[in-house]
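Peer 1: output the structure for:
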Amino acid sequence: MSKKRTRKQKEHAQITRVNTQLGYKFSGSYNFEAKNEMANLSARKKDLGSVRKELYKSLGVATTQAVTMKNGKQATKAVCEVCGTTMFKIGGNK
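Peer 2: This next block holds a predicted model:
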């Protein structure tokens, strides 16, 4: 049988897993201030922006185009001004 982990070991494993999933690399403890700062970037921008999972930061979009999908729903198609990746947001024509 395997040995039970202590509470401290479980907390450390959880913090490491969360940091890995979010793409944060912190030395030491989990930095909640940095996470909140990254989350609030898009709220402070006035122009249309999107959050890409690969970059985890707010990006402005170079061009936007209102489109209607096959099922009749409205959507917005945009191109990232940093890397040129196409982004698609359903219901984003507001």
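
Peer 1: what about the residue lying closest to T68 once chain neighbours are set aside, neighbour count?
Peer 2: Counting by C-beta to C-beta, 6 or more residues apart in numbering, Q74 is the residue found nearest to T68 once chain neighbours are left out, at 6.1 Å. Heads up, the C-betas are built off the backbone N, CA and C, glycines and all. Neighbours of Q74 under the rule other C-beta atoms under 10 Å: 14.

Peer 1: check A78 too.
Peer 2: Around A78 there are 21 other residues, counting by other C-beta under 10 Å.

Peer 1: so for it, what's the pLDDT?
Peer 2: On the pLDDT scale, A78 is placed at 81.

Peer 1: backbone dihedrals for it, please?
Peer 2: Main-chain torsions, A78, degrees, to the nearest 10: phi -140, psi 160.

Peer 1: same question, T85
Peer 2: Torsion angles, degrees, to the nearest 10, at T85: phi -70, psi 140.

Peer 1: would you check that it makes contact with V79?
Peer 2: Yes - T85 is within contact range of V79, at 7.3 Å (criterion: C-beta atoms under 8 Å).

Peer 1: shaky segments in the protein?
Peer 2: Where the chain drops to pLDDT under 70, the residues are 1, 16-62, 82-83, 92-94.

Peer 1: try it again with 90
Peer 2: Within the chain, the ranges that satisfy pLDDT under 90 run 1-67, 69, 71-94.

Peer 1: what is the end-to-end distance of stretch 77-90?
Peer 2: The first residue of stretch 77-90 is 9 Å away from its last residue (C-alpha to C-alpha, to the nearest Å).

Peer 1: sorry, that was for stretch 63-81
Peer 2: For stretch 63-81, the end-to-end distance is 8 Å (C-alpha to C-alpha).

Peer 1: just to revisit the earlier point, for V67, see how far away the residue nearest to T68 is.
Peer 2: 8 Å (C-beta to C-beta, to the nearest Å).

Peer 1: doesn't Q9 lie inside a helix?
Peer 2: Yes - secondary structure assignment places Q9 in a helix (DSSP: H, G, I helix; E, B strand; the rest coil).

Peer 1: pull the number of nearby residues for it.
Peer 2: 10.
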